[in-house]
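Asks: quick one, fold the following:
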Amino acid sequence: MTAREDLATPAVVIDLAVLERNIARMAQVAEAAGARLRPHAKTHKCPEIGRMQIAAGASGLSLAKTSEAEVFVDAGFDDIFVAYPVVGKGKPERLLALHDRCRLAVGVDSVAGAQALGAPFAAAGRTLDVLLKVDCGLHRVGVAPEAAAGIASRIAGLPGLSLRGVFTHAGHAYHEVSPEGVASVGRAEGVTLAETAARIREAGPSVSEVSVGSTPSARYAIGAAGVTECRPGNYVFHDASQVSLRTGTIEDCAMTIEATVVSVPAADRAVVDAGSKTLSSDALRPRAGGHGFLVGRTSRIARLSEEHGVIDVAAGERFTVGERVSIVPNHACVVTNLHDRIHAVRDGKVEAVWRVAARGCVE
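Replies: Below you'll find the predicted structure:
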């Protein structure tokens, strides 16, 4: 069995004990709230981790893209929600093929997009479940809460579709600088979506699913009366942004990058073999602050080029050429998609090497 310190660097390492603990904790949060957990597997893109989540009680998985769904259905998953407004040539037909193999739902946020999705299903005499995306404050995709009832009524009448429910994502929680701010966003997320669902029901459509998301806001949103489901993703790994948001601690970070110091050109600067192609260039949330924490060190990755991670060496610390370091990345979800495989480690030994099966599935 390979030792962690013998892995060629840079290498993505997952601490299995921490991963298992993170999965169990979120499952307990959902159970205590009386809601279903449907984790977002775009974070890990690995069927092995998805099976761990299902075994812990998850009702199914959320995914971002049609191609991700195809990978996970091929791997045997049978309850999938594509939490994204799928639009594009050939994609509705691909979803129709998946519909024969799993319980499938897809996100919509416009009548035009919904019509395009429903057309091949209607032609085939089939019905696709859809959930209407509601904007609870992120201002990315999704309909305004006050417009949702009218749009839902129009979508519910389209051939080939069945309106199962509503969903949202409080990604703006990542901009909050205090735990109180995160909690406020989460509570508003749950209440806004539940109230929107109630207004849709009053207008006529019978929506049953009320689905919230976002790792920072999950434990607050899921407690709102009327919420039926939660879709956090990042919680399986956590990362430097979750630590900065105080959603988790360094001890909760299952993912680290094993790297090697390749140069120490000055007392205040060292360089590792992990750059933007390894760590991603995503900024730290909620405030920018380098590109990764060094486990057990005050020094941080200050800047990146493609193959280099430059450390600003903190006062009193020093690095040596050949030294190995462990880096907690800013955004674990993007790191996964940059690598072909991740190493599952327990007690310092590599227990498994998992292929990132849905890597590059962005269409």
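Asks: what pairs with the strand ranked longest in the chain, parallel or antiparallel?
Replies: In the chain, taking DSSP state E as the definition, the longest strand is strand 255-266. In the sheet, strand 255-266 lines up against strand 11-15 (antiparallel), strand 269-272 (antiparallel), strand 324-328 (antiparallel) (DSSP bridges).
Asks: V236: which of those strands is closest?
Replies: For those, proximity to V236 was assessed by Cβ to Cβ; strand 11-15 is nearest, at 8.9 Å. In short, each C-beta sits where N, CA and C put it, glycine included.
Asks: okay, S305 and S244: tell me how far apart.
Replies: As judged by Cβ to Cβ, to the nearest Å, S305 and S244 stand 23 Å apart.
Asks: mind checking the SS state of S211?
Replies: Following DSSP: H, G, I helix; E, B strand; the rest coil, we place S211 in the strand state.
Asks: pretty sure it sits against E229.
Replies: Yes: the pair S211 and E229 qualifies as a contact (Cβ atoms under 8 Å) at a distance of 4.1 Å.
Asks: correct me if wrong: N330 contacts P286.
Replies: No: at 11.5 Å, N330 and P286 do not qualify as touching, with contact defined as Cβ under 8 Å.
Asks: of those two, which one has the most company?
Replies: Shown here are N330 and P286; by other Cβ atoms under 10 Å, N330 has more neighbours (27 against 18).
Asks: please report how far that one lies from E5.
Replies: Counting by Cβ to Cβ - N330 and E5 are separated by 24 Å.
Asks: measure R25 to A332 for me?
Replies: For R25, the distance to A332 - Cβ to Cβ - is 16 Å.
Asks: hmm, I typed the wrong one, I wanted T43.
Replies: Remark: distance between T43 and A332 (Cβ to Cβ) = 7 Å.
Asks: ok, back up a step: got CSV for the strands paired with strand 255-266, with mean neighbour count and distance to D78 too?
Replies: Formatted as CSV, the strands paired with strand 255-266 follow (neighbours: other Cβ atoms under 10 Å; distance: least, Cβ to Cβ, whole Å):
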stretch, mean neighbour count, distance to D78
strand 11-15, 22, 25
strand 269-272, 23, 42
strand 324-328, 22, 34
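Asks: how about these in JSON lines, adding mean pLDDT and distance to R164?
Replies: Formatted as JSON lines, the strands paired with strand 255-266 follow (pLDDT from 0 to 100; distance: least, Cβ to Cβ, whole Å):
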{"stretch": "strand 11-15", "mean pLDDT": "98", "distance to R164": "33"}
{"stretch": "strand 269-272", "mean pLDDT": "98", "distance to R164": "47"}
{"stretch": "strand 324-328", "mean pLDDT": "98", "distance to R164": "37"}
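Asks: so can I have CSV of those showing distance to V191?
Replies: As requested, these are exported to CSV (distance: least, Cβ to Cβ, whole Å):
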stretch, distance to V191
strand 11-15, 35
strand 269-272, 45
strand 324-328, 33
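Asks: end to end on stretch 265-282, go ahead and measure it.
Replies: 26 Å (Cα to Cα, to the nearest Å).
Asks: same question but for stretch 99-107, I mixed them up
Replies: Start and end residues of stretch 99-107 are separated by 14 Å (Cα to Cα).
Asks: and what of stretch 33-50?
Replies: Stretch 33-50 stretches 22 Å from its first residue to its last (Cα to Cα).
Asks: do stretch 157-174 as well
Replies: First-to-last distance for stretch 157-174 - Cα to Cα - comes to 36 Å.
Asks: if we can go back for a sec, between T43 and A332, who's got more neighbours?
Replies: A332 (29 against 26).
Asks: pretty sure the more buried one contacts D239?
Replies: Yes: if you go by Cβ under 8 Å, A332 and D239 touch, sitting 4.1 Å apart.
Asks: what's the overlap in contacts for these two?
Replies: Residues touching both A332 and D239 (Cβ atoms under 8 Å, 6 or more residues apart in numbering): M255.
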